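Peer 1: sequence plus the predicted model coming up.
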Amino acid sequence: MVLVGGAALVVAVHPDPFGGWGLLALGPLLFLPAYALVFRTPPRGRRVAAASVAALAYALVYGVVAGLGDESLREVRRAVYVGLPALGLVVMLVCLAAVELAGAMAEWRQSAHHPEEPRAGRAATRLVVAAAVAMTAWGIVVGTGLADPRVVVADARGGPSGVAEVRCEGEDTFVSTPTVHAQADGVRIRARNRGDGEIWLEYHLDGGSNGGGAELLEPGTSELLVRAPEQSLGVACTKRGDGTASKHATMTVVRQSSASRG
């Protein structure tokens, strides 16, 4: 139940739930059944309990942070979609290490009285091997830069711009104008579709509270005009364009008069 509930929560908040990075986020939870299957000797109950508590804590923390956060900056995105799963795996390994070391000590005391049963340290050795394999895999993924999930980012920072610059590379969304001026007739967007096919540019106004929409982009550069929001404009490149994008690159919208006073 813990595994199913935690996995459902992670999948619900992840912007790419059925892709490779969704699997990365599920890594700590998938470690739970693997651990329970490999370590089937006593104290199995304590093993399952420790793994379940760690998995539940990870799923709750991940669900809150990824579900409520705005990962529009590359650093924040990496922390959420790479750092949190890595931390969850480390916490789980630490919890299980404590259980295994306690079990190894019990086996050592038992083997001291029964030399014909040299079982001391077997559980701890298995855990060390499992931890080494898991952490090596994580190190390879993060160290080679492959852990770069398909979520929206703010690619650069700068002063207010008269045109919102957006780039779509597949379903990756890059924004190079974190602050944009609202013109008299709305906010102008210059969108570059760098893919080979059509892509939808989905947008929402003020976090969706003032509505939104979607525009179909042909390959190349398109000029768009959207109704001016009061505070923020969020954009997301998506293949669907039906309002289901879970994350948007958010730009702050300022009025010309307020910008000139600043």
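Peer 2: Everything's here; your move.
Peer 1: give the helix, strand or coil label for the closest residue to Leu233 other than its chain neighbours.
Peer 2: Nearest residue to Leu233 in three dimensions, chain neighbours excluded: Met251, at 4.9 Å (Cβ to Cβ, 6 or more residues apart in numbering). All C-beta atoms are positioned from the backbone trio N, CA, C, and that covers glycine. Following DSSP: H, G, I helix; E, B strand; the rest coil, the label given to Met251 is strand.
Peer 1: wait, Met251 touches Val163, no?
Peer 2: No - counting by Cβ atoms under 8 Å, Val163 is not a contact partner of Met251; they are 11.0 Å apart.
Peer 1: on that earlier part again, tell me, how many residues neighbour the residue nearest to Leu233?
Peer 2: 27 (other Cβ atoms under 10 Å).
Peer 1: next one: it from Arg78, what distance?
Peer 2: To Arg78, Met251 is 20 Å away according to Cβ to Cβ, to the nearest Å.
Peer 1: cool, and Leu32?
Peer 2: Counting by Cβ to Cβ, the gap from Leu32 to Arg78 is 24 Å.
Peer 1: which of the two has more neighbours?
Peer 2: More neighbours surround Leu32 than the other of Leu32 and Arg78, with 24 against 19 (other Cβ under 10 Å).
Peer 1: is it correct that that one is in contact with Leu3?
Peer 2: Yes - counting by Cβ under 8 Å, Leu3 is a contact partner of Leu32 at 5.6 Å.
Peer 1: now stretch 159-166, how far from the centre of its chain.
Peer 2: The chain centre lies 27 Å from the centre of stretch 159-166; the measure is Cα atoms, centre = their mean, to the nearest Å.
Peer 1: endpoint to endpoint, it covers what distance?
Peer 2: With Cα to Cα, to the nearest Å as the measure, stretch 159-166 spans 15 Å from end to end.
Peer 1: can you list the buried residues in it?
Peer 2: Going by neighbour count (16 or more other Cβ atoms under 10 Å), the buried part of stretch 159-166 is 160-161, 164-166.
Peer 1: and stretch 170-188, by the same measure?
Peer 2: 171-178, 180-182, 187-188.
Peer 1: mean confidence for the helix or strand harbouring Gly88?
Peer 2: Under the criterion of DSSP states H and E, Gly88 resides in helix 84-113. For helix 84-113, mean pLDDT rounds to 77.
Peer 1: how about stretch 242-256?
Peer 2: Stretch 242-256 comes out at a mean pLDDT of 80.
Peer 1: buried sites along it?
Peer 2: Neighbour counts over stretch 242-256 (16+ other Cβ under 10 Å) mark 245-251, 253-254 as buried.
Peer 1: in the stretch 101-250 of the chain, where is pLDDT below threshold?
Peer 2: Applying pLDDT under 70 to the stretch 101-250 of the chain flags the ranges 107, 110-127, 137-158, 246.
Peer 1: same thing but 80
Peer 2: 101-159, 241, 243-247 (pLDDT under 80).
Peer 1: tell me where it has strands.
Peer 2: Using DSSP state E, counting those that start in this stretch, the strands of the stretch 101-250 of the chain run over residues 153-154, 163-169, 172-175, 179-182, 187-193, 199-205, 212-217, 220-226, 232-238, 249-255.
Peer 1: would you turn these into a markdown table with distance to Ala25?
Peer 2: A markdown table is the format used below for the strands of the stretch 101-250 of the chain (distance: least, Cβ to Cβ, whole Å):
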| stretch | distance to Ala25 |
| --- | --- |
| strand 153-154 | 17 |
| strand 163-169 | 22 |
| strand 172-175 | 17 |
| strand 179-182 | 31 |
| strand 187-193 | 28 |
| strand 199-205 | 23 |
| strand 212-217 | 26 |
| strand 220-226 | 32 |
| strand 232-238 | 19 |
| strand 249-255 | 20 |
